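Asks: Got a sequence here, can you build the structure:
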Amino acid sequence: MKEDFDFELFILMVTITVEDSNSKVESWYLDLGCSNHMTCHKEWLINFDAAKKSKVRFANDSYLEVEVYGELVILRKNRSKAIISDVLFVPKMKCNLLSIG
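Replies: Numbers count the residues shown, from 1 in each chain. Below you'll find the model as predicted:
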């Protein structure tokens with residue numbers, strides 16, 4: 001039996017962070033609407049390509065510069081390592097986004 005539903009799925013997230021002007025957020029937000037993984041931490045990236053420069057556009061039609069694309073090594077619970085590819089370094093990002101869309 002198939003039912004028709006008339007609703008729109010959305011995600012609402014609110015966060016408040018108290019930080020000084022020199023600190024960067026280290027947590028990651030899982031984002032269904034994000035097309036790329038993005039971070040403001042260049043020091044986390046390996047094997048990066050500084051020749052690839054571009055811009056990312058956000059839902060409010062604002063843009064931020066992408067300086068490099070790289071890979072990010074993460075440590076799993078079982079202590080094995082995994083690589084996340086095609087991570088964008090966006091220096092002016094205020095949070096880290098992991099695309100799960």
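Asks: Secondary structure element holding Val73?
Replies: Using DSSP states H and E, Val73 sits in strand 68-75.
Asks: For that strand, what does the pLDDT average out to?
Replies: Averaged over strand 68-75, pLDDT sits at 91.
Asks: Show me what the host helix or strand of Ser85 is packed against.
Replies: For Ser85, the enclosing helix or strand under DSSP H and E is strand 81-89. Where contact means 3 or more C-beta pairs under 8 Å, 6 or more residues apart in numbering; DSSP states H and E, strand 81-89 is packed against strand 37-39, strand 45-49, strand 68-75. Where C-beta positions appear, they are placed from N, C-alpha and C, glycine not excepted.
Asks: Just tell me which of those strands ends up closest to Asn60.
Replies: In this view, those are compared for proximity to Asn60 by C-beta to C-beta, and strand 37-39 is the closest at 15.6 Å.
Asks: I figured Ile74 hits Val87, correct?
Replies: No - between Ile74 and Val87 there is no contact under C-beta atoms under 8 Å: 10.5 Å.
Asks: tell me which helix or strand of the protein sits lowest on mean pLDDT?
Replies: Sorted by mean pLDDT, DSSP states H and E, the helices and strands of the chain end with strand 28-31, the least confident at a mean of 85.
Asks: which other helices and strands contact that one?
Replies: Applying 3+ C-beta pairs under 8 Å, 6+ apart, we find strand 28-31 packed against strand 96-99.
Asks: Buried residues, the strand it packs on. List them.
Replies: Using 16 or more other C-beta atoms under 10 Å as the test for burial, strand 96-99 gives Asn96, Leu97, Leu98, Ser99.
Asks: List the contacts of that strand.
Replies: Strand 96-99 is contacted from outside by 25-31, 34-41, 84, using C-beta atoms under 8 Å, 6 or more residues apart in numbering.
Asks: one more time with 6 Å, if that's ok
Replies: Contacting residues not belonging to strand 96-99 are listed as Trp28, Tyr29, Leu30, Asp31, Cys34, Asn36, His37, Met38, Thr39 [C-beta atoms under 6 Å, 6 or more residues apart in numbering].
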